[in-house]
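Enquirer: sequence below, structure please.
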Amino acid sequence: MTLVELYQLKGVTYYSTDKFQHRYLYVYDELFKGLENEHISLFEIGYASGGSAKLFADFFKKGSVRCIEINPLLVYTWEANPIKHRRLTVECKDATTIDEAYFKGLPGGVPDIIIDDG
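Expert: Presented below is the predicted three-dimensional model:
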């Protein structure tokens, strides 16, 4: 199942993201074709409401998704009402401090895919 199909199946209420309206999911489907059953680690900069992270976690069935968000209010909201997902981690961090040393400290090291939506 593609990202577009997953999104259309459950809708914007479940995957609260604007990536469908902006047609990014169609591009991601082309880029990620054949990777959905791989052990992919994805890192997303800019968490917002977490909808796209949840979508990526559902798409990469064997993978993991890690997100950062510069707005502590959004991370606090997530911590108060976490998305129940076994492969999703969110943290608040100043995106200007992210470098190779940061990634080396993550479980799994440098991610396979980085999406900057911050």
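
Enquirer: which stretches in the protein count as strands?
Expert: Under the criterion DSSP state E, strands of the chain are mapped to 41-45, 64-69, 88-92, 113-116.

Enquirer: list the residues that contact residue 2.
Expert: For residue 2, the contact set (C-beta atoms under 8 Å, 6 or more residues apart in numbering) comprises 25, 29. All C-beta atoms are positioned from the backbone trio N, CA, C, and that covers glycine.

Enquirer: ranges for the helices of the protein?
Expert: 3-14, 24-31, 51-59, 72-80, 100-104 (DSSP state H).

Enquirer: re the thing from before, turn the strands of the chain into JSON lines, columns for mean neighbour count, distance to residue 35 and mean pLDDT.
Expert: Listed next are the strands of the chain as JSON lines, based on neighbours: other C-beta atoms under 10 Å; distance: least, C-beta to C-beta, whole Å; pLDDT from 0 to 100:
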{"stretch": "strand 41-45", "mean neighbour count": "21", "distance to residue 35": "10", "mean pLDDT": "87"}
{"stretch": "strand 64-69", "mean neighbour count": "24", "distance to residue 35": "13", "mean pLDDT": "81"}
{"stretch": "strand 88-92", "mean neighbour count": "17", "distance to residue 35": "17", "mean pLDDT": "64"}
{"stretch": "strand 113-116", "mean neighbour count": "15", "distance to residue 35": "8", "mean pLDDT": "90"}
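
Enquirer: out of those strands, which is closest to residue 28?
Expert: Taking C-beta to C-beta, strand 113-116 is the member of the strands of the chain nearest to residue 28, at 8.2 Å.

Enquirer: tell me the strands beside that closest one, with direction?
Expert: Neighbouring strands of strand 113-116 in its sheet, by DSSP bridges, are strand 41-45 (parallel).

Enquirer: what residues does the partner strand touch?
Expert: 52-53, 56, 60, 63-68, 95, 98, 103, 106, 108, 111-118.

Enquirer: distance between it and the chain's centre?
Expert: Using C-alpha atoms, centre = their mean, to the nearest Å, the distance from the centre of strand 41-45 to the centre of the chain it belongs to is 5 Å.

Enquirer: any idea of the angle that strand forms with helix 51-59?
Expert: 170 degrees (axes from the mean of the first three to the mean of the last three C-alpha atoms, to 10 degrees).
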